[in-house]
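Sequence and computational prediction follow.
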Amino acid sequence: MRLWILDRAEDDLVAGYRFYEEREPGLGQYFLQSLYSDIESLRLYAGIHRRAYRDFHRLLSRRFPFAV
């Protein structure tokens, strides 16, 4: 399975990191680790996640209010 992280999505990750890091030091790093783990889940278990649009699958993050 091919994964693309669009520039807009990277911007969202950076904004999320900053938001959580301002709330509590270290939380931003935990946010990124969690989201990248979710992204890896999409790659490893290709095709089992909900199809959001055409051939694009979506996974809701387990720990944060984000969709991948």
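Everything's here; your move. Numbers count the residues shown, from 1 in each chain.

any idea which helix or strand comes after the helix or strand bottoming out on mean pLDDT in the chain?
Lowest on mean pLDDT, DSSP states H and E among the helices and strands of the chain sits strand 50-53, with a mean of 70. Note on strand 50-53: by DSSP states H and E, the next helix or strand toward the C-terminus is strand 56-58.

Where does the residue nearest the centre of the chain fall, secondary structure wise?
Taking CA atoms, centre = their mean, the centroid of the chain lies closest to Leu35, which sits 3.7 Å from it. In the assignment (DSSP H and E), Leu35 maps to helix 27-44.

what's the answer for Leu13, then?
Per DSSP H and E: Leu13 is located in helix 7-23.

sorry, back to before: which of the residues in the helix holding Leu35 are buried?
If you call a residue buried by 16 or more other CB atoms under 10 Å, then helix 27-44 has these buried ones: 28, 31, 34-35, 38-39, 41-42. Quick note: C-beta positions are derived from backbone N, CA and C, even for glycine.

And the contacts of it?
1, 3, 5, 13, 16-22, 49, 57, 59, 61-64, 66, 68 (CB atoms under 8 Å, 6 or more residues apart in numbering).

Let's see that with 7 Å instead.
1, 3, 13, 16-18, 20-21, 49, 57, 59, 61-64, 66, 68 (CB atoms under 7 Å, 6 or more residues apart in numbering).
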